[in-house]
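> Turn this into a structure:
(one chain, ligands or ions: 1)
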Amino acid sequence: MKKNLQITIPELPTGKLTESHFNLVEDVIPSPAKGQVLLKNIILSIDAANRAWMQGTTYRKAIEPGDVMHGYSICQVEEPNGSHFKKGDFVFAEIGWQQYGAVNTHEITSCPDHKPLSHLLSVLGIAGKTAHHGLIQVGKVKEGETLLVSGAAGSVGNLVGQFGKLKGAKVIGIAGGKEKCDWLVDEVGFDACLDYKAGKLGKAIAQTCSGGIDVYFDNVGGNILQSALFNMNQHGRIVCCGAVSLYDGQPLAGPMGIPGLLVVKRLRMEGFIVFDFPDKDAEAENEIKTWIDRGQIKIYEDIIHGLSEAPKALVGLLRGENRGKRMIQVTKI
Ligand SMILES: NC(=O)c1ccc[n+]([C@@H]2O[C@H](COP(=O)([O-])OP(=O)(O)OC[C@H]3O[C@@H](n4cnc5c(N)ncnc54)[C@H](OP(=O)(O)O)[C@@H]3O)[C@@H](O)[C@H]2O)c1
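Numbering: from 1, shown residues only. All right, here's what the predicted structure looks like:
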């Protein structure tokens with residue numbers, strides 16, 4: 001009999017996440033109850049936020065010890081169970097780290113018709129919309145401005161940089177290591193990139209952004225946010241997208257200078273969640289599609305095969321292994 005491979009998290013980490021925090025188990029494939037459909041997991045998104053969900057309630061419910069690890073996927077309908085879905089339909093669902101899941105029909109949405117499917121999790125999915133909404137709706141980036149983005153080689157960051165260039169900004173990235181920084185400049189098209197692991201980041205920002213920063217797109221928080229804050233121009237905007245430098249057991253850090261610097265430089269610092277702009281989703285999607293059709297965007301996907309690789313993939317992402325959007329191909333189609 002076919003089994004359901006699952007990855008559970010028996011105890012939540014207090015320090016750094018390791019592969020040993022997860023268990024690979026087998027369960028029976030569930031039967032969908034009334035109002036549910038049975039889904040097969042096709043591509044699972046691996047996100048920095050997966051680690052933040054282990055820290056307590058955020059914009060969504062926290063992961064509890066013993067849970068099947070939470071996660072967002074593209075799935076295929078296996079048993080429509082009398083619903084309006086058809087067997088084989090592709091849908092988005094929070095099925096978690098398992099091969100099969102029974103999910104309430106009102107909690108799933110149909111995927112648009114697009115190939116390859118992986119783009120619906122990367123450039124046309126949450127990563128692309130986060131980058132677009134953050135940059136346009138929150139950062140209000142303008143032609144000729146200087147845009148600084150941290151986590152620049154990651155899934156959201158590389159798109160923020162590319163979208164920023166298309167909007168006419170001068171784009172400076174921050175990433176870990178010389179190799180990643182060289183890649184961002186030589187291959188992705190950033191104007192410059194600073195290696196935060198090399199130290200003296202504040203000085204490097206001041207030298208590279210000699211005219212100051214107009215928009216800082218912050219994916220990491222902590223000391224990097226601190227360094228950016230001191231280099232902001234008057235009326236600059238700080239887009240708070242995430243704080244990955246503080247997700248994985250690190251002590252909470254700064255920044256200093258709040259509210260003093262916000263007052264003196266008339267800065268706006270604003271957090272957002274990608275779901276905050278439903279009325280702008282179509283606009284973002286259309287613009288991104290146009291850029292793709294014109295060949296103006298390079299799409300970086302980092303696809304790993306097999307559900308059992310998910311723990312390693314998440315631990316690796318938090319260590320900075322990935323370039324672009326990391327995903328797990330759970331089932332070949
Ligand atoms: N607001 C929203 O709606 C929304 C939606 C999606 C994602 N996010 C946020 O966006 C950020 C990026 O998420 P993602 O899923 O796209 O991950 P990602 O950027 O693809 O990967 C995470 C990257 O973070 C960097 N990193 C890890 N530890 C770091 C540290 N201590 N200091 C600086 N950089 C560090 C690593 O690159 P290096 O090699 O450069 O260190 C790693 O590759 C996260 O903060 C996430 O929570 C927010």
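> Where does the nearest residue to Ile74 once chain neighbours are set aside sit: helix, strand or coil?
Excluding the flanking residues, the one nearest Ile74 by Cβ to Cβ, 6 or more residues apart in numbering is Ile43, at 4.6 Å. In short, each C-beta sits where N, CA and C put it, glycine included. Under the three-state scheme (DSSP: H, G, I helix; E, B strand; the rest coil), Ile43 adopts strand.
> ok, now which ones touch the closest residue to Ala228 other than its chain neighbours?
Among residues not flanking Ala228 along the chain, Tyr216 sits closest, at 4.4 Å (Cβ to Cβ, 6+ apart). Counting by Cβ atoms under 8 Å, 6 or more residues apart in numbering, Tyr216 touches Leu147, Leu148, Val149, Ser150, Leu225, Ala228, Leu229, Met232, Gly236, Arg237, Ile238, Val239.
> I'd like those residues as TSV, with pLDDT, secondary structure and distance to the ligand appended.
Formatted as TSV, those follow (pLDDT from 0 to 100; DSSP: H, G, I helix; E, B strand; the rest coil; distance: Cβ to the nearest ligand atom, whole Å):
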residue	pLDDT	secondary structure	distance to the ligand
Leu147	98	strand	16
Leu148	98	strand	13
Val149	98	strand	10
Ser150	98	strand	6
Leu225	97	helix	10
Ala228	97	helix	12
Leu229	96	helix	15
Met232	98	strand	19
Gly236	98	strand	19
Arg237	98	strand	15
Ile238	98	strand	13
Val239	98	strand	9
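> who wins for most neighbours among those?
Val149 (36 neighbours; other Cβ atoms under 10 Å).
> partners of it in the sheet?
Counting by DSSP bridges, Val149 is bridged to Gly173, Phe217.
> returning to what we had before: would you list the contacts of Tyr216 in JSON lines and tack on distance to His119?
Output for those, formatted as JSON lines (distance: Cβ to Cβ, whole Å):
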{"residue": "Leu147", "distance to His119": "24"}
{"residue": "Leu148", "distance to His119": "27"}
{"residue": "Val149", "distance to His119": "21"}
{"residue": "Ser150", "distance to His119": "24"}
{"residue": "Leu225", "distance to His119": "30"}
{"residue": "Ala228", "distance to His119": "30"}
{"residue": "Leu229", "distance to His119": "35"}
{"residue": "Met232", "distance to His119": "34"}
{"residue": "Gly236", "distance to His119": "32"}
{"residue": "Arg237", "distance to His119": "29"}
{"residue": "Ile238", "distance to His119": "29"}
{"residue": "Val239", "distance to His119": "24"}
